[in-house]
Structure formats: structure tokens, C-alpha cells
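K.L.:
below are the sequence and a predicted model; questions follow.
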Amino acid sequence: MYTGLLHLHHWLPFVYLLLMLVVLVQNFLVWKSDNPFSDKLARQNKIAVLLTHLQITIGLIMLFGFNLDMFSDMGTLMGDAGLRFKYVEHPTTMILAAVLITIGNAKSKRAEVASAKAKSVVVWFGIGLFLIALRMPWAEFLQGA
Ligand code: HEM
Ligand code: HEM
């Protein structure tokens, strides 16, 4: 079970990070032009939020369903840079990023003008993606699960 979740949590980001980059560029182009904010773009933004939430949900299940004993000795957990990264810094930063991405999409849905809709996604998704990049376990990700 855990191995399956870990594989999902490992492979989904390849699709997810690519989609986030594509969505950022597309919204940027609408923001900086007179192009309309199409239904297709709104749908793509929504799928980006969906994949964010899916990735977070899998992570939450991995952390609290299978690794809860990590938190029984907070001294060791916080004192070991590797453990702290994996079980504290990575999860908290990713949850913060997901909150920002979700807010960005909600603000975009509420905005009236095309450029404002797109700008909201660029700014909030952009900050979110930056945070993800900061606390992503790049070595494990790029090595293969
Ligand atoms: C930890 C569990 C989750 C929480 C707390 C959560 C919370 C939220 C919140 C607050 C929103 C914002 C709604 C809005 O834009 O006004 C949202 C949107 C969304 N969530 Fe989640 N979610 C969770 C898990 C999931 C999962 C597992 C999926 C699907 C795989 C999912 C798919 C979506 C989608 C597609 C939207 C965008 C809706 C839209 O743009 O209209 N979420 N979620
Ligand atoms: C956008 C959000 C996230 C991304 C892109 C992401 C990505 C990753 C990647 C690539 C790995 C390395 C997997 C491997 O060893 O091959 C990983 C590990 C891990 N992630 Fe996430 N993650 C996210 C959110 C979360 C969240 C919210 C949690 C917990 C609440 C979490 C918990 C974990 C844990 C516990 C591991 C270590 C698994 C292990 O080695 O047994 N992740 N994550």
C-alpha cells in the first residue's frame, strides 16, 4: 500500500509540474495581451488545482497514515536535517503552496476582466510553484522511485 502511494506521489509530479509551467505561460500570455480568458484555460487552471489537491492528499495519507511514529520523538526528528526535510519542511511548505494556488484560482474565478483573471493565476500559482521548487526532494524525484 505504502509503496503504491509513494509511486503515485513520485510520478504524479512529472505531469503536475509540467502542467503548472504550461498553465503559467498560458495565463501570462492572456494577462499581457487582449486575448480572451477562455473556458479551456479556466478548465486547465482547475485541473492544476485538482492535481495539487490530489498530490497533497496522497502526501497527507503517507505522512499521517504510515509515518506518524516519526512524531513520537520530536527531538530526533527536528535534530536530523534529512528527517526534518522529509517529514516537516517538505509537507508544511507544500501545504502552504497548495493554499496559495487554491486562493489564486478562487480569485481568478471571481475576477471580471480577462487580464485580472489571468494575472491572479500567474501571481499566486507562481509563488506556489516557487515554494514547491524550494522544498521538493529533487534528488529522489530525479533518481526514480
Ligand atoms: C485535503 C483535502 C482537500 C481540501 C481541504 C480541499 C479544499 C479545497 C478548497 C478550499 C477549494 C477551493 C474552492 C474554490 O475555488 O472556491 C478546492 C478546490 C478544488 N479541489 Fe480540493 N480539497 C481537498 C482535496 C481534493 C481532492 C482529493 C481533489 C481531487 C482529486 C480535489 C479537487 C479540487 C478541485 C478540482 C477544485 C477546483 C474547484 C473549482 O475551481 O471550481 N480536492 N479544494
Ligand atoms: C505539490 C505537492 C507535493 C509534491 C510535488 C511532492 C513531491 C514529492 C516527491 C517527488 C517526493 C520523493 C518521492 C520519492 O522518494 O521518490 C516526496 C516525498 C514525500 N512527500 Fe511529498 N510532495 C508534495 C506534497 C506533500 C505533502 C503535503 C506531504 C505530507 C503532508 C508530503 C509527504 C511526503 C513524504 C512523507 C515523503 C517521503 C516519502 C518516503 O520517503 O517514504 N508530500 N514528495
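P.N.:
That came in fine, so what should we check first? Ligands and ions are numbered 1, 2, ... in the order given.
K.L.:
every contact and neighbour count from this point should use C-alpha atoms.
P.N.:
OK.
K.L.:
average pLDDT for the longest helix seen in the chain?
P.N.:
Longest helix in the chain, counting residues (DSSP state H): helix 2-31. What helix 2-31 shows for mean pLDDT is 97.
K.L.:
tell me the residues of the protein that contact ligand 1?
P.N.:
Within reach of ligand 1 by CA under 6 Å from any ligand atom, the chain has these residues: 46-47, 49-50, 53-54, 57, 102, 105-106.
K.L.:
now flag whichever of these is closest to ligand 2.
P.N.:
Closest to ligand 2 out of those is T57 (6.7 Å), distances taken as CA to the nearest ligand atom.
K.L.:
roughly how far is the helix or strand that contains the closest one from the heart of the chain?
P.N.:
According to DSSP states H and E, T57 maps onto helix 39-60. Distance, stretch centre to chain centre, for helix 39-60: 8 Å (CA atoms, centre = their mean, to the nearest Å).
K.L.:
average model confidence for it?
P.N.:
For helix 39-60, the per-residue pLDDT averages 98.
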